[in-house]
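*Asks:* Fold the following, please.
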Amino acid sequence: QVHLVESGGGSVQAGGSLRLSCVASGRTFRWYMGWFRQAPGKEREFVAAIKWNDARTYYTDSVKGRFTISRDIAKNTAHLQMNSLKPEDTAVYYCATDDREFRRQHDVDYWGQGTQVTVSS
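*Replies:* As a prediction, the model looks like this:
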C-alpha cells in the first residue's frame, strides 16, 4: 500500500502563486506521481505528472507555462508550483501515484485526501 499526504493548498488572488506538496509513504517504489483536480460539479481532471526515475514531466494544456511539477527523491515528495493562478484553477487538488503513466482518474490506484485551492478574481 501507498499512503499520500498533500499540503500547501489555500486561498490566493488571481495572479498569485501556491506550492503544493505530496509526501509518499509505504510501498514507495512507483514510476509516476502527479496531480488531478476536481471543481464543484465537474469530473476529476488530470493536471500534471512526473516520471520518478528520469523526471520527465507532462501537463494538461491549460496549465502549461504556469505550473511546474518536480520531485525530491530523498524525501519521497512531489511538488506542484502553481504560478499566475486563475479563478478557473479553483478546485480540490489530489495527489496520485501509479506504476503506469496516467492521464485519467481510472488509471490511478493510489490517491491523497485532497487539498483545496481557491483563486479569487
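
*Asks:* From residue 22, how far off is the nearest residue to residue 62 once chain neighbours are set aside?
*Replies:* Leaving aside its sequence neighbours, residue 62 sits nearest to residue 88 (Cβ to Cβ, 6 or more residues apart in numbering; 7.8 Å). Placement of C-beta: from N, CA and C, glycine included. Per Cβ to Cβ, to the nearest Å, residue 88 is found 22 Å from residue 22.

*Asks:* same deal with residue 85?
*Replies:* 18 Å.

*Asks:* cool, residue 6 as well?
*Replies:* Residue 6 is 5 Å from residue 22, by Cβ to Cβ.

*Asks:* When the two are compared, which one has more neighbours?
*Replies:* More crowded of residue 6 and residue 22, by other Cβ atoms under 10 Å: residue 22, with 26 against 21.

*Asks:* from what I can see that one touches residue 2, true?
*Replies:* No - contact criterion Cβ atoms under 8 Å: residue 22 and residue 2 do not qualify, at 10.9 Å.
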